[in-house]
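In: Kindly return the folded structure for what I paste below:
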Amino acid sequence: MLTVARELLGKHVFTRLDGEVTGVRIVETEAYRHEGDPSITLHWERKRRQAQALYQPGGHAYLYTVYRVHTLFNITVNDAAHPDAVLIRAIEPLVGLDVMLRRRGLAQVARNLTAGPGVLSQALGLTPALNGELVTGPHIWFEDADESIPADNTIASSRVGLEYAGDEAVALPWRFRVKDSKWTSPAK
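Out: Below you'll find the model as predicted:
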């Protein structure tokens with residue numbers, strides 16, 4: 001799960017929704033593990049219905065809402081008995097920039113277009129209606145960009161927004177970012 005979270009950096013993800021294609025490069029992720037991670041247990045208790053998608057084999061989208069507004073985009077990364085996931089936290093726009101700007105209601109490209117899990121899902125057009133879909137198409141798919149991000153160009157740090165789960169969950173260095181990417185979410 002930690003390896004997948006780090007290796008997703010630099011990969012490309014695409015969406016095709018309502019005939020519109022968008023494509024991005026992943027620049028920030030966070031890992032969540034079913035063992036030793038109190039945040040996933042608390043999440044399961046709060047999002048029981050939506051979280052059923054976590055119990056699918058690796059390669060499925062897990063999309064859920066927070067604050068009744070933002071959709072968060074996760075990928076299942078283990079087998080059906082182990083609800084491990086990687087949250088996509090930030091992306092660099094590559095294809096369909098005009099579509100992403102329109103979806104976000106922005107007039108020009110700015111870092112806040114896709115620097116954060118809620119806004120990136122909006123830019124990609126992802127909603128909980130796609131929860132549980134395979135990430136091999138036709139709506140969401142990954143492509144290997146032949147670009148691995150070297151370890152010395154990766155920052156590992158604590159995850160964001162998990163204060164409710166306690167110090168142990170916050171302290172885990174399971175957030176991965178591409179160093180010096182202007183598209184990552186704000187450092188905390």
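In: just for the protein, where's the confidence low?
Out: The model of the chain has pLDDT under 70 over residues 36-51, 161-170, 187-188.
In: quick one, strands of it?
Out: Using DSSP state E, the strands of the chain run over 12-17, 20-32, 61-66, 70-76, 85-95, 140-143, 154-157, 175-178.
In: so which of those gets nearest S121?
Out: S121 lies closest, by Cβ to Cβ, to one member of the strands of the chain: strand 70-76, at 4.2 Å. Yep, even glycine has a C-beta here, placed from its N, CA and C like the rest.
In: Quickly run through the sheet partners of the closest one, with directions.
Out: Next to strand 70-76 in the sheet, as set by DSSP bridges, lie strand 61-66 (antiparallel), strand 85-95 (antiparallel).
In: when you compare where it runs with where strand 20-32 runs, what's the angle?
Out: Comparing the axes of strand 70-76 and strand 20-32 via axes from the mean of the first three to the mean of the last three Cα atoms, to 10 degrees yields an angle of 70 degrees.
In: most packed of the strands paired with strand 70-76?
Out: Highest mean neighbour count among the strands paired with strand 70-76 (mean count of other Cβ atoms under 10 Å): strand 85-95, with a mean of 23.
In: Excluding residues flanking it in the chain, which one is nearest R89?
Out: Nearest non-adjacent residue to R89, counting by Cβ to Cβ, 6 or more residues apart in numbering: E28, 4.0 Å away.
In: what's around the one you found, how many residues?
Out: Burial of E28 is recorded as 28 neighbouring residues (other Cβ atoms under 10 Å).
In: which residues does the residue lying farthest from the centre of the chain contact?
Out: Computed with Cα atoms, centre = their mean, the residue of the chain farthest from its C-alpha average is A107, at 24.3 Å. Shown in contact with A107 (Cβ atoms under 8 Å, 6 or more residues apart in numbering): L101.
In: And I75, by the same measure?
Out: When the contact criterion is Cβ under 8 Å, 6+ apart, the partners of I75 are 4, 8, 58-62, 85-86, 88, 135.
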